[in-house]
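Novice: Sequence first, predicted model second:
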Amino acid sequence: MEKKDIKDILEQLPAESHNEQELRMAKLWLFQLNNKKRALVSESELDRSKSEVWQRLEARLVSGSPKVKLWPRIVTVAAAVALMVLGLYFFNYNRKTANNPADLIAQDIAPGKVGATLTLASGKQIRLTDAANGELANEAGITITKTADGQLVYEIAGSDTNPNNVNTLSTAKGETYQVRLPDGSMVELNAASKIKYPTSFAKLKNRSITLSGEAYFQVAKDKKHPFIVTTDNQEVTVLGTEFNIKAYDDDANIKTTLLEGSVKVSTVDNSNSYPRTLVPGQQSTYSSSEGISIKEVDTEEAVAWRNGFFIFDNENMETAMRKISRWYNVEIIFEQQELKKEIFGGSVSRSENITQLLRALSKAAKVNMKVEGKSIIISRTN
């Protein structure tokens, strides 16, 4: 592997004249700098990091070596490649710069947190954010428990459970929650999302649930009882696997990303598109006008929210700010509508207060962002 200068490689990336090893090198190098919480990268820092990166690359990425699975935070930085043409500005904002005058931001808003509302089959609602750990409910042989790490767990004690009993777990904006379903499958809900599911799958042919919003699934294997997730106009059928579905009502498309196993994606009425099967590393996109299409993707981008990141990979500002709106529970106001179509990229921690996030975003996207109450107002720079 030719030992190129990292700056030469970075210059090749926008023109797509790099090879796969060079791209992997850039990701690893960016991760190292990103992990140091640097907002701006100086020439001296480029040089200091170079020798360490080459040592790690030569150990991991030499030609002919077994394929190495890069750890998630390296891959999340891949989206930061788009920022290299903006002067190597990173969204992981240096906390030291937070003491600078807040000329764009008037007040701060904390990030989202663990929380949800559980609606039982009886109609009773339980605010899981406020509920104490331990047993929450015991109905018709089903015990529902909240664990210390903020997870909902179902235990089936008897055989007289009613398969028609359905529970609903919903997160508001600024909330996320995990549930272990009665079959042992794990579901993690992103903000502003909802799932409906039977309190027991024991007497059912299929393990069917419905989803609106976004969720990550780790499905317990059961070949005799397929696991089916229904969203608006789409069904995903699986026996046992890990995948992410993003199906918000205000998004134009439904995106299903497969990490392990295989899933079949089809439309609810089987119109406009034939069923498609995904393999790991693929993402299907459903739209009402074009049906289902499939492409290879960086799966870590799709599940970045689980790893504590936003990733914006050449996204328009309207789509990117919609993600921020859900997590921080704020309204987005564009003073100039054409700003919605501006394209930018990068990664930022979901654990930061909105001040750090907006300072970084406004500089990278070259816009003004101001918080007023629970609204973010976006305008052109002067």
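Specialist: Sure thing, it's come through. Keep in mind the model is a prediction, meaning the values are calculated, not measured.
Novice: hey, let's count contacts and neighbours off CA atoms from now on
Specialist: Fine.
Novice: Contact partners for residue 315?
Specialist: 343, 344, 345 (CA atoms under 8 Å, 6 or more residues apart in numbering).
Novice: does the second one sit in a helix or strand, and which one?
Specialist: Going back to what we said before, that points to residue 344. strand 343-349 (DSSP states H and E).
Novice: hang on, the earlier thing: most neighbours among the contacts of residue 315, which one?
Specialist: residue 345 (25 neighbours; other CA atoms under 10 Å).
Novice: so it makes contact with residue 319?
Specialist: No - in this structure, residue 345 is not within contact of residue 319 by CA atoms under 8 Å, at 11.6 Å.
Novice: In this protein, where is pLDDT below threshold?
Specialist: Residues of the chain meeting the criterion pLDDT under 70: 1-107, 140, 157-161, 270-273.
Novice: Pull out the buried residues from the biggest strand by length in it.
Specialist: Secondary structure assigned by DSSP state E gives strand 207-218 as the longest strand of the chain. By 16 or more other CA atoms under 10 Å, the buried positions in strand 207-218 come out as 207, 208, 209, 211, 212, 213, 214, 215, 216, 217, 218.
Novice: which residue sits closest to the second one in space, ignoring its chain neighbours?
Specialist: Distances taken as CA to CA, 6 or more residues apart in numbering put residue 228 closest to residue 208, at 4.7 Å, once the chain neighbours are dropped.
Novice: cool, and the last one?
Specialist: Among residues not flanking residue 218 along the chain, residue 242 sits closest, at 4.6 Å (CA to CA, 6+ apart).
Novice: Could you measure from the one you found over to residue 347?
Specialist: If you measure residue 242 against residue 347 using CA to CA, to the nearest Å, the figure is 23 Å.
Novice: what are the bridge partners for the nearest residue to residue 125 once chain neighbours are set aside, then?
Specialist: Take residue 125 and drop its neighbours on the chain: the residue closest to it by CA to CA, 6+ apart is residue 119, 4.4 Å away. For residue 119, the beta-bridge partners under DSSP bridges are residue 125, residue 168.
Novice: okay but residue 119 is in contact with residue 169, surely?
Specialist: Yes - applying CA under 8 Å, one finds residue 119 in contact with residue 169, separated by 6.4 Å.
Novice: Who has more neighbours out of those two?
Specialist: Ranked by neighbour count (other CA under 10 Å), residue 119 and residue 169 place residue 169 first, with 23 against 17.
Novice: Compute the number of surrounding residues for the closest residue to that one other than its chain neighbours.
Specialist: What sits nearest to residue 169 in space, not counting adjacent residues and going by CA to CA, 6+ apart, is residue 118, at 4.7 Å. Number of residues near residue 118 (other CA under 10 Å) recorded here: 21.
Novice: shouldn't residue 118 be in contact with residue 130?
Specialist: No - using CA under 8 Å, residue 118 is not in contact with residue 130; the gap is 11.6 Å.
Novice: Tell me the spacing between residue 323 and residue 124.
Specialist: Applying CA to CA to residue 323 and residue 124 gives a distance of 30 Å.
Novice: neighbour count winner among those two?
Specialist: Taking neighbours as other CA under 10 Å, residue 323 and residue 124 compare with residue 323 leading, 17 against 10.
Novice: Using the three-state scheme, assign the more buried one.
Specialist: Under the three-state scheme (DSSP: H, G, I helix; E, B strand; the rest coil), residue 323 adopts helix.
Novice: And it, how far from residue 116?
Specialist: Taking CA to CA, one finds residue 323 at 18 Å from residue 116.
Novice: Likewise for residue 132?
Specialist: Applying CA to CA to residue 132 and residue 116 gives a distance of 13 Å.
Novice: Pick out whichever of these two has more residues nearby.
Specialist: In this view residue 132 and residue 116 are compared by other CA under 10 Å, and residue 116 has more residues nearby, 27 against 13.
Novice: Now do the phi/psi pair for that one.
Specialist: Backbone torsions of residue 116, given as degrees, to the nearest 10, read phi -170, psi 170.
Novice: my guess is it meets residue 125, correct?
Specialist: No - Residue 116 lies out of contact with residue 125 (CA under 8 Å); the separation is 10.4 Å.
Novice: Name the residue in residue 242 and residue 347 with the higher neighbour count.
Specialist: residue 347 (24 against 21).
Novice: Would you mind naming the helix or strand containing the closest residue to the more buried one other than its chain neighbours?
Specialist: With sequence-adjacent residues excluded and distances taken as CA to CA, 6+ apart, residue 347 is closest to residue 311, at 4.4 Å. For residue 311, the enclosing helix or strand under DSSP H and E is strand 309-316.
Novice: Pairing partners for that strand, with directions?
Specialist: Strand 309-316 has these strand partners (DSSP bridges): strand 343-349 (antiparallel).
Novice: send the alpha carbons of the helix or strand just after the strand it pairs with over as CSV?
Specialist: Where DSSP H and E defines the elements, the next helix or strand beyond strand 343-349 is helix 354-365. The C-alpha trace of helix 354-365 is given here as CSV (Å, rounded to 0.1, in the frame of the first residue of the first chain):
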residue,chain,number,x,y,z
ILE,A,354,-28.7,22.6,21.2
THR,A,355,-26.2,25.5,21.6
GLN,A,356,-23.2,23.4,20.6
LEU,A,357,-25.1,21.7,17.8
LEU,A,358,-26.4,24.9,16.2
ARG,A,359,-23.1,26.7,16.4
ALA,A,360,-21.5,23.9,14.5
LEU,A,361,-24.3,23.5,12.0
SER,A,362,-24.6,27.2,11.3
LYS,A,363,-20.9,27.5,10.5
ALA,A,364,-20.8,24.4,8.3
ALA,A,365,-24.0,25.2,6.4
